[in-house]
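J.: just coords:
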């Protein structure tokens, strides 16, 4: 089991199956933008920079967008047919 704790002995996390840290552990407080998740902490500059990614769209969100697009296309076809006088 792995445990993350401070110098006072307060346990912040315990679990298993995680890689062992290399070097010191750091602390960073960030505001995560709505609809995003924290992907990683970029340490390439020597300073911690949080990197966020948007959550992928759910299957339901994708289907709603497809339905809205098909409804718009259907309405355009009906309008075009009415203008052409074939309906």
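T.: All right, it came through fine. Just so we're clear, the structure is a prediction, and the values are computed from it rather than from any experiment. Numbers count the residues shown, from 1 in each chain.
J.: counting contacts, what elements does the helix or strand of the chain with the lowest mean pLDDT pack onto?
T.: Ranked by mean pLDDT, DSSP states H and E, the weakest helix or strand in the chain is strand 2-5, scoring a mean of 88. Packing partners of strand 2-5 (3 or more C-beta pairs under 8 Å, 6 or more residues apart in numbering; DSSP states H and E): strand 11-15. Glycine gets a C-beta too; all of them are placed from N, C-alpha and C.
J.: so how far is the strand it packs on off the chain centroid?
T.: Mean C-alpha position of strand 11-15 versus that of the full chain (C-alpha atoms, centre = their mean, to the nearest Å) differs by 24 Å.
J.: strand partners of it, parallel vs antiparallel please.
T.: Here strand 11-15 is paired, per DSSP bridges, with strand 2-5 (antiparallel).
J.: check which residues of the strand it pairs with are buried.
T.: For strand 2-5, burial by neighbour count (16 or more other C-beta atoms under 10 Å) applies to no residue.
J.: same deal with stretch 16-23?
T.: So for stretch 16-23, nothing qualifies as buried (16+ other C-beta under 10 Å).
J.: how far does that stretch stretch from start to finish?
T.: 19 Å (C-alpha to C-alpha, to the nearest Å).
J.: all good on my end, thank you.
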